[in-house]
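>>> what's the 3D shape of this:
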Amino acid sequence: MWVYLAKPTRSKSLTQLRDIATSVTPNNIDTKEKVAHVRYRSEAIKLYAKKRACGVCEGCGANSPFETKSGPYLEIHHLTRLADGGADHPENVIALCPTCHRRAHYSIDSKEFNEQLSMLVLKIEENIA
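Numbers count the residues shown, from 1 in each chain. Got it, this is the predicted structure:
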């Protein structure tokens, strides 16, 4: 079990955080069981979104950061999460570079960014249909 001498917080200095992180090295790490509910995403939607993007991030317009064995690396983002009732549908997914994908989830402006992405996807889909 982990025992901290001090609580790690953002206000701590790098040195303080390092001291806390290295102060106790556990010999035995406890394990616990975790039950998760997983929603299966359509492979067809994933492939469709990547093909629609043509190797270009649909968020920022930059080329994918690198190539994989199966083609350009882009991450598929659901504009409305499946857990929140979003659909596995072309109008609800967008192919993003890792930076834009993290921005869509974690940035201060994530709500506004996702709204922009939603409008963008609708325009893209209108041009395809």
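>>> For this structure, which segments count as helices?
All helices of the chain, identified by DSSP state H, fall at 14-23, 43-53, 98-106, 110-128.
>>> elements contacting the shortest one?
Helices and strands touching helix 98-106, as assessed by 3 or more Cβ pairs under 8 Å, 6 or more residues apart in numbering; DSSP states H and E, comprise strand 75-78, helix 110-128. For glycine as for every other residue, the C-beta is placed from the backbone atoms N, C-alpha and C.
>>> Quick check: mean pLDDT of the first one?
In other words, strand 75-78. The pLDDT scores in strand 75-78 average 95.
>>> One more: the last one?
In this model, helix 110-128 has a mean pLDDT of 95.
>>> buried stuff in that helix?
F113, N114, L117, V121, I124 (16 or more other Cβ atoms under 10 Å).
>>> Pull the contacting residues for the closest residue in space to the fourth one that isn't next to it in sequence.
Spelled out, it's V121. Nearest residue to V121 in three dimensions, chain neighbours excluded: I94, at 5.3 Å (Cβ to Cβ, 6 or more residues apart in numbering). If you count contacts by Cβ atoms under 8 Å, 6 or more residues apart in numbering, I94 has them with A49, E58, G59, I76, H77, L79, L117, L120, V121.
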